[in-house]
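>>> Generate coordinates for the sequence data below:
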Amino acid sequence: MNLQEEKEHLQIGLKSLQAAAGKLLEKVQHYSENYRDSARYIWENQSEFDEYEAIFNKLLVDQVVDSGEQTKEKLHQIIKMMDSPYFARIDFLMDGDPDPMQVYIGKFSFWDDVGEFEVFDWRAPISGMYYEYEYGNAHYDAPMGRIEGELVCKRQYQISRGVLEYALESGVGISDEILQQELAKNTDTKMKDIVVTIQREQNQLIRDSSSNILIIHGVAGSGKTSIALHRIAYFLYQHKGKLTSKNFLIISPNGVFVDYIADVLPELGEENVRCIAMDDIAGKILGKEYHCERMDLQSERYLQREADTDWKKRNQFKNSVEFLRLLDDYLLKCNKENFHAEDYSYKGGFVEAAYLQKCYNIREGLPVWERFQEIAALISGDIREVHKNDLFEWLMSRFENNNVMQLYRHFYVYLEKTDYICYEDGMEIESADIFPLVYIKLYLEGFAREPEIMHLVIDEMQDYSPVQYAVINKLYSCRKTILGDFCQNVVPFVENHSDFLKDIYPKAQYMEIYKSYRSTYEIMNYAGKIKKNQNLKPIERHGRKPMEIGFEKRSDEEAYLVSEIKRAQADKKMGKLGIICKSQPQAEALFLALSSVNDVHLFTYDADVFYDGIIVTSVSLSKGLEFDTVLIVDADQSNYCTEYDRNLLYVACTRAMHQLKLLYCGEKSRFLEQ
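Numbering: from 1, shown residues only. Model prediction:
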């Protein structure tokens, strides 16, 4: 490798980028002037425009604005590229060609007017060979078909502020060396893109276009969420002009997580996509008629009511596969038995009951209200004397238990489990009842779908119950990427596992990824002893062993925390510090105890900002996040003792990237002894 040639190539590229930036800046100024001139013209002459002239001039202004925004976005990309134009190069010798093609790969594509400098977007078909192959036979699928050839060179670069810091031939082990360097860095405030270090198995999942339903079961730290976000960026690139960010939706766990991932897609040159929580889905469908518990507090509620056996028994049942099967059987029974057709009389005649029953039966599959609306519209269109609304109301009155709560209550009468419905008028609806009610409302009344959503991402798949999946499938009959880790389930009672998902999505592509990148080998090995996972394969990145630190009194533990916080604030090399408590009440109490220390933030269930600085949080809210150093508070036997607690402790440990410390008073948790 000739390093001088690489430096010269970079300089050519930087000059081309500077020239392009200058031209784009001129265009932006031109569009700005055009907009001002057009706006002034419309303002001064609007009284003289007829309707068509007003519309035409508005369209012209909109076109100028759109062109200006596109130019500004391209200028923004060029400015980013001036810092680091590309991160890799492959030389591909296509079959039949005498010379290899040099392919430089970056976050964005660029080519100059004279053909001296060209960069391919990491999502381009030809760029996929960088992630997929070492030296030797290789191919990529272009629009005109498969292109065969040989990869004769593969290099990786570190370019910062326009300076080439190193260039490496990607021989055996070099790729891992680059990965190790990236993983050893301290985390930034939020999640960043991983285009430089995408591994082969991740690349295959990102570029999978054939699977309508892709289920990714990945161990802690395997990059599941990054894969999903890069997959969105890949689809937006591949279907530019057909798909926009509005065609994607992410079901996410909480507002903090949404803010944590908010920089990834913009870093890749794409707009952020909308995120929604399960609470939001339920609220949108049920409306203000029902006062519901917050679903994201299920973990906290479980910890508060562990001794309430009746509560645990009914929640266990309502989150089971069996519950969904019984509910579906009941609704099928309602289809056949709840509509009691009678002759409908009107002035001058009547409609026979048999005809109404036939109209009802042939519309099987539609929500009950939609069936009756169609029947009423059909008959009133043929018979003028029949008023559509009157017939609809009459038909509804012929359907037994024709409102959501009545039907749900009767479901438990049918099951002979009347003690399982614990709702009186004005009471708060338990979280386990929320989505069964949503499911029944969709059965009875239907709901306007969002046709613009063409790809749904479901994160933390292990936390959703069978009936929640049933609702999701009714609302979003589109392509889905579903990801999570069954070893990280912190929502109690949910009966969710790989076999269940395979039953729901029998045609899905189900992939498991076992390699963990987030944490050091020592941390993941330690976490793996708390909760066994034979499939877990931590990357060979070594660091300090996790520490277990005991104290005689809570006050001593808090004093140690203060000293660690101040040390982290003084030593920026320590990176981001996360202090994780078992529950939210414990996190709030600790936050108050640390109130004398500056720059400490508490994550709450209402929070929607991923703060910089020192973070105090609960295990449930820490899911999906990562910290350079993690301090787990009160890791003693009195606090972490049940099998559910084992799950929580495992999740807390796997949030740490470089350093993990577990603090306890008295007897440490038995899970640490293991």
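
>>> where do the strands sit along the stretch 101-250 of the chain?
Along the stretch 101-250 of the chain, the stretches classed as strands by DSSP state E, counting those that start in this stretch are 101-106, 110-111, 118-121, 136-142, 145-160, 163-169, 213-218, 248-251.

>>> Also the stretch 251-400 of the chain?
In the stretch 251-400 of the chain, the strands defined using DSSP E, counting those that start in this stretch lie at 274-276, 344-346, 349-351.

>>> Run through who's touching the last one.
Among residues not part of strand 349-351, those counted as contacts by CB atoms under 8 Å, 6 or more residues apart in numbering are 343, 344, 379, 383, 385, 386. Just so you know, the C-beta spots here come from the backbone N, C-alpha and C atoms, and that holds for glycine as well.

>>> So what does the first one have for phi and psi?
By that I understand residue 343. Torsion angles at residue 343 (phi, psi; degrees, to the nearest 10) stand at phi -60, psi 140.

>>> Start at 735, not 1
Let's use 735 as the start, then, which means that last one is residue 1077.

>>> if we can go back for a sec, list just the one of the strands of the stretch 985-1134 of the chain that sits closest to residue 1268.
Within the strands of the stretch 985-1134 of the chain, the stretch nearest residue 1268 is strand 1008-1010; the backing value is 33.6 Å (CB to CB).

>>> What is the closest one packed up against?
Contacts defined by 3 or more CB pairs under 8 Å, 6 or more residues apart in numbering; DSSP states H and E place strand 1008-1010 against strand 982-985.

>>> now the strand it packs on: how far from the chain's centre is it?
Mean-position distance between strand 982-985 and its chain equals 6 Å (CA atoms, centre = their mean, to the nearest Å).

>>> Partner strands of it and their direction?
Paired strands of strand 982-985, with direction, are strand 1008-1010 (parallel), strand 1189-1192 (parallel) (DSSP bridges).

>>> could the ones you listed go into TSV alongside mean neighbour count, distance to residue 752 and mean pLDDT?
Below are these laid out as TSV (neighbours: other CB atoms under 10 Å; distance: least, CB to CB, whole Å; pLDDT from 0 to 100):
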stretch	mean neighbour count	distance to residue 752	mean pLDDT
strand 1008-1010	16	36	95
strand 1189-1192	22	37	97
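
>>> need the contact list for residue 1235.
By CB under 8 Å, 6+ apart, the neighbours of residue 1235 are 949, 1195, 1203, 1216, 1242, 1244.

>>> what two of the residues you listed have the greatest distance between them?
The span of those, defined through CB to CB, is set by 1203 and 1244 at 14.7 Å.

>>> any chance of the strands paired with strand 982-985 in JSON lines, plus distance to residue 1396?
Output for the strands paired with strand 982-985, formatted as JSON lines (distance: least, CB to CB, whole Å):
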{"stretch": "strand 1008-1010", "distance to residue 1396": "32"}
{"stretch": "strand 1189-1192", "distance to residue 1396": "32"}
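
>>> So for residue 750, which of those strands sits nearest?
Among the strands paired with strand 982-985, strand 1189-1192 sits nearest to residue 750 (CB to CB), with 35.1 Å.

>>> Can I get that closest one in PDB? Just the C-alpha atoms.
C-alpha atoms of strand 1189-1192 as PDB (Å, rounded to 0.1, in the frame of the first residue of the first chain):
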ATOM      1  CA  HIS A1189     -42.800  -0.900   7.700                       C
ATOM      2  CA  LEU A1190     -43.200  -1.400  11.400                       C
ATOM      3  CA  VAL A1191     -40.300  -1.900  13.800                       C
ATOM      4  CA  ILE A1192     -41.100  -3.600  17.100                       C
END
